[in-house]
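> Sequence first, then the predicted structure, then my questions.
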2 protein chains.
Amino acid sequence: MGAMPQPPAPRKTTGRPARISRTEILRTALRIVTDEGVARLTMRRLASEVGSTPMALYHHVRDKEELLLLLLDDYAAQHLHRPSTAPTEPRERVIAAATAIHEVLADCPWVVEVLTADDLMSKSALWFVEQIVDGLTACGLTLESAVHGYRAIWYYTAGEIVIRTTAAHRRAADDRPTYRERVFTDLDPDELPRLAEVSDRWAPLTAQDIYVHGLTALVNGLLARPD
Amino acid sequence: MGAMPQPPAPRKTTGRPARISRTEILRTALRIVTDEGVARLTMRRLASEVGSTPMALYHHVRDKEELLLLLLDDYAAQHLHRPSTAPTEPRERVIAAATAIHEVLADCPWVVEVLTADDLMSKSALWFVEQIVDGLTACGLTLESAVHGYRAIWYYTAGEIVIRTTAAHRRAADDRPTYRERVFTDLDPDELPRLAEVSDRWAPLTAQDIYVHGLTALVNGLLARPD
DNA sequence: TTAAGTTTCTATACATGTAAGAAAACTAGC
DNA sequence: GCTAGTTTTCTTACATGTATAGAAACTTAA
């Protein structure tokens, strides 16, 4: 909740005085989202709650996407806490940092609408990124390889969250059979023997949480080949 | 381009005869998208091109998301080709299959709007999924672990595509500094030494294509620990 | 005090996806 | 032929994000 980057530059001199502030907008938006869900956060609703008009918001926030990005920032700052006792083994530190980020983001309901940002988010997350990069270098990677490794971890983490979240969302809003279910019936065992073999176990198998498992594999693989 | 699943069930008996078909809709939509980009594909535009009204489309397609999903299906069916000579070594087969999927999807401009589907797509992609699962089992994984492994690969692949594509999209539509750029200035070298050290190299580093690198690491890691 | 400049806010308008319900075009039974 | 039932299509309407144009409220310079 520290000072955010404030593009409107706090020059206190000229012009019409502002009646709403970005922080007020964000505070109200966060309340709406936590109370009633991200679907209820519309620009009109938000404007009326801060006692203004929709277009006035656009002087404090570029568009709704930036608004959500800033919300995620706040959310991360509030929920991402550096552990009091971090693992000493560097490999474990990498995994712990990635898992921490993953846990916080996976619990954030509106995360999907933002997560496609090209890189990881707020200042509060940077410490975890540092842990990952530093842990990888401590295991013998060059700094460049460590950055690439971090990036691979981020792809994996973001992909897991985005896919799992939207899948859950879709299932909740829809009682018709999933695409997967339609495709997975009538598999030709001659052409696709493995898939046919697991076709009935596919749903429970893919419902399992394998994040840490895959993350560990990825980190191990990254560390096994120094380049 | 084979027969798609047709939920409206081809009963030829009662009711008003249809003037448009799902395949006609998809054909037109694909033309619009390939000619003018996904942004130009609106339900109204599509309706007028098939000589109908917007709401009539909704009897052949649940919503726009399903329309895009079906488009991606078509796209994959046209562009995913099984290699004539697949690698014999199972680990290489896994990597080759994942890379093939990745290449096709990364070239598909509207992929991001759909890619968050909870599982991989059309029948044309199933052969590649089979290659991955089968390759992993051939390396000694149990069938369950192989499915989990495939899933980790899919998370990584989808995440890479989604993040890279939207990042490029954002940069194209925006000349203001990226969030990353704002955050990466003024890093405290005491608190975040590694990030401060690479801060100026961060942009070019993260612009590099590391998909295969990360994929190889992930696969190696998955194979290293049979459970 | 007035004029110019700067910033913020408001009013209006548009394009979009799509919900709701009425109408149309057919078939089957009488 | 006529009625009921079924499926597809059309009309209308709404909520949403946001572009555009200009009004309003302030500061500074004259």
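Yep, that arrived. The structure presented is a predicted model; accordingly, all values stated were derived computationally and were not measured.
> if I read this right, residue A:159 contacts residue B:153, doesn't it?
No. The pair residue A:159 / residue B:153 is not scored as a contact, 9.9 Å apart, by Cβ atoms under 8 Å. C-beta: built from backbone N, CA, C; applies to glycine.
> Those two: who's more crowded?
Higher neighbour count among residue A:159 and residue B:153: residue B:153, with 29 against 26, using other Cβ atoms under 10 Å in any protein chain shown.
> The more buried one: what's it in contact with?
Taking Cβ atoms under 8 Å, 6 or more residues apart in numbering or on different chains as the contact definition, residue B:153 lies against B:94, B:98, B:132, B:215, B:218-219, B:222.
> Now the one helix or strand it maps to: buried residues?
Element membership of residue B:153 [criterion: DSSP states H and E] is helix B:143-172. If you call a residue buried by 16 or more other Cβ atoms under 10 Å in any protein chain shown, then helix B:143-172 has these buried ones: B:143, B:145-165, B:167.
> Now do it and helix A:143-172, the angle between them.
100 degrees (axes from the mean of the first three to the mean of the last three Cα atoms, to 10 degrees).
> So what's the gap between helix B:143-172 and the chain middle?
Relative to the chain's own centre, helix B:143-172 is displaced by 8 Å; criterion: Cα atoms, centre = their mean, to the nearest Å.
> Then stretch A:103-111?
On the basis of Cα atoms, centre = their mean, stretch A:103-111 sits 6 Å off its chain's mean C-alpha point.
> Would you indicate which residues of that stretch are buried?
A:104-106, A:108, A:110-111.
> In helices, which of those residues appear?
A:104-106 (DSSP state H).
> Excluding residues flanking it in the chain, which one is nearest the residue of chain A at minimum distance from chain B?
Chain A approaches chain B most closely through residue A:159 (2.3 Å), counting by Cβ to the nearest Cβ. Once flanking residues are discounted, residue A:159 sits nearest to residue B:159: 2.3 Å by Cβ to Cβ, 6 or more residues apart in numbering or on different chains.
> give the contact list for the one you found.
A:154-160, A:162.
> Show only the entries of the contacts of residue B:153 found in helices.
Judged by DSSP H, helices contain the following of the contacts of residue B:153: B:94, B:98, B:132, B:215, B:218-219, B:222.
> out of the residues you listed, who's nearest residue A:80?
The closest of those to residue A:80 turns out to be residue B:218 (Cβ to Cβ; 25.1 Å).
> The closest one contacts residue B:151, correct?
No. Using Cβ under 8 Å, residue B:218 is not in contact with residue B:151; the gap is 11.3 Å.
> Can you work out which residues contact both of the two?
Counting by Cβ under 8 Å, 6+ apart, the residues touching both residue B:218 and residue B:151 are residue A:214.
> Tell me the one of the ones in helices among the contacts of residue B:153 nearest residue B:16?
Set against residue B:16, the nearest of the ones in helices among the contacts of residue B:153 by Cβ to Cβ is residue B:132 (45.8 Å).
> correct me, but that closest one touches residue B:96?
No. Counting by Cβ under 8 Å, residue B:132 does not reach residue B:96; the two are 9.5 Å apart.
> What distance do you get for whatever residue of chain A ends up closest to DNA strand C to residue A:59?
Nearest residue of chain A to DNA strand C (Cβ to the nearest atom of the strand) works out as residue A:15 at 2.2 Å. Going from residue A:15 to residue A:59 by Cβ to Cβ, to the nearest Å gives 11 Å.
> where does chain A have low pLDDT?
A:1-12, A:117-121, A:171-182, A:225-227 (pLDDT under 70).
> cutoff 90 now
A:1-15, A:73, A:77, A:85-87, A:107-124, A:163-188, A:203, A:206, A:225-227 (pLDDT under 90).
> Can you spell out the domain ranges of it, please?
Following automatic domain parsing, one finds the domains of chain A at A:22-76, A:83-224.
> Tabulate the ones you listed (JSON lines), appending distance to residue B:89.
As requested, the domains of chain A are exported to JSON lines (distance: least, Cβ to Cβ, whole Å):
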{"stretch": "domain A:22-76", "distance to residue B:89": "42"}
{"stretch": "domain A:83-224", "distance to residue B:89": "17"}
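> tell me the most buried of the ones you listed?
Across the domains of chain A, averaging neighbours per residue (mean count of other Cβ atoms under 10 Å in any protein chain shown) puts domain A:83-224 on top, at a mean of 18.
> How far does that one stretch from one end to the other?
Using Cα to Cα, to the nearest Å, one end of domain A:83-224 lies 27 Å from the other.
> Brilliant, that's me finished.
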